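*Asks:* Output the structure for:
(chains A and B)
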Amino acid sequence: MEKWECEVCGYIYDPAEGDSSAGIKPGTPFEELPDDWVCPDCGVGKEEFTKLD
Amino acid sequence: MDPVLLKEGIYWVGAVDWDMRYFHGPVFGTHRGTTYNSYLIVDEKITLVDTVYTPFAGEMLERIRKIVDPSRIDYIVINHVEVDHSGALPEVMKLAPQAKIFCSAKGKAGLLKHYYGDWDYQVVETGTTLSLGKRSLSFIEAPMLHWPDSMFTYLPEEALLMPNDAFGQHLASAFRFDDQVDNRIIMEEAARYYANILYPLSRLVLKKLEEVKAMNIPIAMIAPSHGVIWRQNPGQIIEAYQRWASGEWFPKAVVVYDTMWGSTAAMARAIVEGIVSEDVDTRLFKISVRDINSIITELLEARLLVVGSPTINRGYLSVLSPFLDDLAGLKPVNRLGAAFGSYGWSKGAVKAIEAKLEAAGLTLAGEGLEILWVPDSGELESCREWGRALARKVKAEL
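*Replies:* Prediction:
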């Protein structure tokens, strides 16, 4: 599963880890994050993320 | 200075800092000083919206005392944790320990990590409303405009927006309102503020403007946390933000350079002549004697940035580094770039500058121009022609 990077602050969403601060379980792909999920570090929306190669 | 009335029962109680010359440490020159604006709302609940920079706590409290005893403050809204706005919070809390603090979730985390205060926090979100008695507040989260905790406070009964740093200017002045201060100076400082702080967040600025527009809330007055309050023409600054964030430009160029023994300086002057001969307005900056923040501000309007340096140690003069680093962080929207310079044996400056310009998100407008040792008259003419070609590229897009 691909990692995605927040272009605003550089946070990297790693599906293997999920995002415990928002109750996102490990193994959740980026595409399946809820629409209102925001960057846990800076608070911007999913649309500010780009897929890492 | 007495408190200043915005609307019945709503007062400016902030501070004017005439002496502030560097903000954010040494990187932002505030050549006209600044103000820290905090607002007191007297209703059934006495509410303070933001505070001031720590050294001005006493001054703010004196202003509040002219209206109410600060120990009577019920609510404190902290739109933004940065110390120039929250620095006086511990002093206020000593006098009003019962006060409830309203802030975003990131705001609470930030305040705890700044002041370690065992205070009564209430986290608010976009849409949260708070009744003060006759009037009310609602909140709009604005993450990364310009910190994760940032938010706007809106008072619907007066159509008053208190957006903290957004729409602000570092400008110390005797008067508090936009109709009392030279508009050209206000807009210069608003532009300088935008270019040097909000530029890299332009995409988020556009989205927030859209979001607020879609909320369909009237805005009769904008009271930011720095500079003048927009009461005569709040639309002016909203339109300017729209323009700056969307990367609008004028046919204008900025040429930035430095030189060792004058060759790159001669090139720079010839290039400027070439650009200007095509009727494209141009500003020339020798970096070692100029203010970086002013150059960045010019880029809010200029379509083209041309940077020159001789090659030294296979790269560019290190005096250009702070400017190029700043540029890479601030990422001007929708701009063209080009590089030039003289060299002796090996080249390198032009390529290194081009890499920096591209890292800052600029599109290279053409091949770089390099000249060996000292340019002769024919080479100076080729500098003029190079400038003319760049200018024509700018004009072709009009």
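*Asks:* wait, what's in contact with the closest residue to chain B within chain A?
*Replies:* Each residue of chain A has a distance to chain B, by C-beta to the nearest C-beta, and the smallest belongs to A:G43, at 3.0 Å. For the C-beta atoms, the positions are set from N, CA and C on the backbone; glycine is no exception. The contact partners of A:G43, by C-beta atoms under 8 Å, 6 or more residues apart in numbering or on different chains, come to B:106, B:141, B:143-144, B:148.
*Asks:* Would you mind giving those residues as TSV with secondary structure added?
*Replies:* Written out in TSV, the entries for these read as follows (DSSP: H, G, I helix; E, B strand; the rest coil):
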residue	secondary structure
B:K106	helix
B:E141	strand
B:P143	coil
B:M144	coil
B:P148	coil
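*Asks:* what about the residue lying closest to B:A220 once chain neighbours are set aside, how many neighbours?
*Replies:* When the adjacent residues along the chain are set aside, B:A220 lies closest to B:A159, with 3.8 Å between them (C-beta to C-beta, 6 or more residues apart in numbering or on different chains). If you count neighbours by other C-beta atoms under 10 Å in any protein chain shown, B:A159 ends up with 15.
*Asks:* For B:A159, give me its contacts.
*Replies:* By C-beta under 8 Å, 6+ apart, B:A159 lies in contact with B:217-221.
*Asks:* redo that, cut-off 10 Å
*Replies:* Shown here is B:A159, whose contacts under the criterion C-beta atoms under 10 Å, 6 or more residues apart in numbering or on different chains are B:7, B:217-222, B:234.
*Asks:* Now do it against A:D41, distance only.
*Replies:* Separation of B:A159 from A:D41 (C-beta to C-beta, to the nearest Å) stands at 34 Å.
*Asks:* hang on, the residue of chain A closest to chain B is in a helix, isn't it?
*Replies:* No - membership of A:G43 in a helix is not supported by three-state DSSP, which gives coil.
*Asks:* so who does residue 8 touch?
*Replies:* Here I'm looking at chain A. Here A:V8 is in contact with A:39, A:41-45, A:48-49, B:143-144, B:148, B:200-201, B:203-204 (C-beta under 10 Å, 6+ apart).
*Asks:* The chain in question should be chain B.
*Replies:* With C-beta under 10 Å, 6+ apart as the criterion, the residues that contact B:E8 are B:42, B:134-135, B:158.
*Asks:* now do 7 Å
*Replies:* For B:E8, no contacting residues are found, by C-beta atoms under 7 Å, 6 or more residues apart in numbering or on different chains.
*Asks:* Same question for the one 5 residues further on.
*Replies:* B:V13 makes contact with B:3, B:38-40, B:60, B:63-64, according to C-beta under 7 Å, 6+ apart.
*Asks:* Could you list which of the residues you listed also contact chain A?
*Replies:* Residues shared between those and the neighbourhood of chain A: none [C-beta under 7 Å from any C-beta of the partner chain].
*Asks:* So which of those residues are in helices?
*Replies:* Secondary-structure check on the contacts of B:V13 using DSSP state H: residues within helices are B:60, B:63-64.
*Asks:* hang on, B:G127 in a strand?
*Replies:* No - residue assignment for B:G127, taken from three-state DSSP, gives coil, which places it outside any strand.
*Asks:* Which pLDDT value goes with it?
*Replies:* Looking at B:G127, its pLDDT is 96.
*Asks:* The one 3 residues further on too?
*Replies:* Per-residue confidence at B:L130 stands at 98 (pLDDT).
*Asks:* same check, this time on the one 4 residues further on
*Replies:* Per-residue confidence for B:K134 comes out at a pLDDT of 97.
*Asks:* Against B:D325, how distant is it?
*Replies:* Spatial separation of B:K134 from B:D325 under the definition C-beta to C-beta is 51 Å.
*Asks:* Compare these two and say which is more crowded by neighbours.
*Replies:* Counted by other C-beta under 10 Å, B:K134 and B:D325 do not tie: B:D325 has more neighbours, with 15 against 10.
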